[in-house]
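[1] Quick one, what's the 3D model for this:
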Amino acid sequence: MDTIASLFSFITWPVSWVIVQFHKLYGAIFGPDTGWAWGLSIVSLVVLIRICLVPLFVKQIKSTRNMQVLQPKMKAIQERYKSDKQRQSEEMMKLYKETGTNPLSSCLPILAQSPFFFALYHVLSAIASNKKIGVIDQSLLDSARQAHIFGAPLAAKFMDSADKVQALGASLVDVRVVTAVMIVMMSASQFFTQRQLMTKNVDLTVKTPYMQQQKMLMYIFPLIFAVMGINFPVGVLVYWLTTNVWTMGQQMYVINQNPTPGSKAQDQYLGRLLKSVTAHGEVRGRTKRNTVKRIVSKGPDRNDIERKFITGLAKLGLAAQEDGTVVKSETAEAEAEAGAAQRRQQPKRQTKAKRQTAAGQQGGAKDADSSESGTATSLQKKAPQDDKPKPAGGKSASGSSRQAKSGQRKGPQRPKHPSKK
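    All right, here's what the predicted structure looks like:
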């Protein structure tokens, strides 16, 4: 770790200068040798860096969403050119170029933070070794070594020996308890941030390998931070815990205000937006109008959540416009009422047992009807024969007294078909 940190020694001077400037501010309030002064200086350094990285964070969000949308197309390319890796790479690059997507954009905030992270590690390691670094002179070095955060020195580590911790004016138990709590909090914040992204801000209608990859990272990253955290000084743990909390809050804001289409967060957001429109009769805020504008521009390509929102507006007698506003519309209200009436007229779906019972009753009724009709038919057939006048002499109409052959139906016979003669 010290070797890696030395690679970023070129930025240790700016980092140490920023920390010293914040230390002057907080030292005047809490005292120059307190852990509050030095700890808040590190927290302020994180906030300053993350504010500067907001444009990169916006690019990260766009890149992540584009990658989610492109996953089905990427999978199709992989299947199509399975045996030709070169052609597969060319088609992938062509797809990225056409859509303006950069796969590395999702890693930009982490990559941009790395120099500051290792520079801070280098500064704190120098403080622990009682060495001057950057703009930190001997007086500031002594002040930093005396600073304790909840009883743990700023430059102490979980794996430090008892002698080294004692040289910094603390006990090994205090150092390990404080560092262990901070490591757990750091890993938990990382896990919650990734889980929040997976459960709320992912399009659940598209099942892609990207989702499985993100799910794995949700468990892998916290473990990596937990293992690496035992070698971080307390000041670096403060830095990383602060940046994790910042990321979690920033992501929570983005999910609530600009969720991924088709995600659970979008359903919740449009539900809140529909309540706001119901209460005020209009779309308030430029961000909300832009959201409605995007939904209107999609037309038939809207997802189920967006169609549900448009239907909700129609039930209120409102129609969304291309500029993101809503207006009263009698047509929309009539269509919504007609749809509701049609849904009310639809029969309620019966259970399987009820359907079988009804079918049995209907079958019994048909059998009874058929038996009654059969009896009536037979009576009707016999009635003409009884009423027919008998010829003189009691003989049949043919004048023959011979009986009908056994098994042969009495009465006139139907002539055979010519083909059977």
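[2] can you tell me how far residue 239 sits from residue 54?
    18 Å (Cβ to Cβ, to the nearest Å). To be clear about C-beta, it is placed using only N, CA and C from the backbone, and glycine gets the same treatment.
[3] Residue 82 now?
    Counting by Cβ to Cβ, the gap from residue 82 to residue 54 is 41 Å.
[4] sorry, back to before: residue 239 and residue 54: which has the busier surroundings?
    residue 239 (25 against 11; other Cβ atoms under 10 Å).
[5] Could you give the separation of the helix or strand containing that one from the chain centroid?
    Per DSSP states H and E: residue 239 is located in helix 234-257. Chain-centre distance of helix 234-257: 20 Å, with Cα atoms, centre = their mean, to the nearest Å.
[6] Identify each buried residue in the following helix or strand past that helix, please.
    Later in the chain than helix 234-257, the nearest helix or strand by DSSP H and E is helix 264-280. Neighbour-count burial for helix 264-280, with 16 or more other Cβ atoms under 10 Å as criterion, is recorded at 264, 265, 266, 267, 269, 270, 273, 274, 277.
[7] Can you lay out the residues you listed as a markdown table showing pLDDT?
    Shown next, in a markdown table, are these (pLDDT from 0 to 100):
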| residue | pLDDT |
| --- | --- |
| 264 | 84 |
| 265 | 85 |
| 266 | 85 |
| 267 | 88 |
| 269 | 90 |
| 270 | 90 |
| 273 | 91 |
| 274 | 91 |
| 277 | 90 |
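[8] Out of the residues you listed, which comes closest to residue 295?
    residue 270 (8.3 Å; Cβ to Cβ).
[9] For the stretch 251-400 of the chain, just list every one of the helices.
    264-280, 286-298, 304-315, 330-345, 352-387 (DSSP state H, counting those that start in this stretch).
[10] The first one to helix 234-257, inter-axis angle?
    Pointing back at helix 264-280 there. Helix 264-280 and helix 234-257 are oriented at 50 degrees to each other (axes from the mean of the first three to the mean of the last three Cα atoms, to 10 degrees).
[11] Make sure residue 241 is actually in contact with residue 188.
    No - using Cβ atoms under 8 Å as the test, residue 241 is too far from residue 188 to be in contact (9.9 Å).
[12] These two: who's more crowded?
    Between residue 241 and residue 188, counted using other Cβ under 10 Å, residue 241 has the larger neighbour count: 22 against 15.
[13] Once you drop chain neighbours, what's closest to residue 174?
    residue 151 (3.9 Å; Cβ to Cβ, 6 or more residues apart in numbering).
[14] so where's this structure shaky on pLDDT?
    Regions of the chain meeting the criterion pLDDT under 70 cover residues 1-9, 64-65, 67-69, 71, 102-108, 201-214, 330-354, 356, 358-421.
[15] could you say which helix or strand contains residue 83?
    Using DSSP H and E, residue 83 falls outside every helix and strand.
[16] Next: residue 227.
    helix 209-229.
[17] Give me the helices and strands touching that helix, please.
    Judged by 3 or more Cβ pairs under 8 Å, 6 or more residues apart in numbering; DSSP states H and E, helix 209-229 is in contact with helix 54-80, helix 172-200, helix 234-257.
[18] now the helices for the stretch 1-150 of the chain?
    2-7, 12-30, 35-52, 54-80, 85-99, 108-128, 138-146.
[19] Dump those to CSV, plus distance to residue 309.
    Listed next are those as CSV, based on distance: least, Cβ to Cβ, whole Å:
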stretch, distance to residue 309
helix 2-7, 50
helix 12-30, 46
helix 35-52, 33
helix 54-80, 19
helix 85-99, 26
helix 108-128, 32
helix 138-146, 55
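[20] number of nearby residues for the residue lying closest to residue 50 once chain neighbours are set aside?
    Excluding its sequence neighbours, the residue lying closest to residue 50 (Cβ to Cβ, 6+ apart) is residue 246, at 5.0 Å. Neighbours of residue 246 under the rule other Cβ under 10 Å: 18.
[21] so who does residue 246 touch?
    46, 47, 50 (Cβ atoms under 8 Å, 6 or more residues apart in numbering).
[22] What is the distance between stretch 132-143 and the centre of its chain?
    With Cα atoms, centre = their mean, you get 48 Å for stretch 132-143.
[23] Pull up the distance across that stretch, start to finish.
    With Cα to Cα, to the nearest Å as the measure, stretch 132-143 spans 12 Å from end to end.
[24] secondary structure class for residue 231?
    Classification of residue 231 using DSSP: H, G, I helix; E, B strand; the rest coil returns coil.
[25] let me redo that: residue 169
    Residue 169 ends up coil, using three-state DSSP.
[26] so what's residue 100 up against?
    residue 66.
[27] phi, psi of residue 132?
    Dihedral pair for residue 132: phi -70, psi 140, per degrees, to the nearest 10.
[28] The chain should start at 8 in everything you say after this.
    Let's use 8 as the start, then, which means that last one is residue 139.
[29] how close does it sit to residue 198?
    39 Å.
[30] Then residue 324?
    46 Å.
[31] With residue 91 instead?
    Distance from residue 91 to residue 198, by Cβ to Cβ: 40 Å.
[32] Quick check, residue 81 in contact with residue 100.
    No - the criterion here is Cβ under 8 Å, and residue 81 misses it with residue 100 at 11.4 Å.
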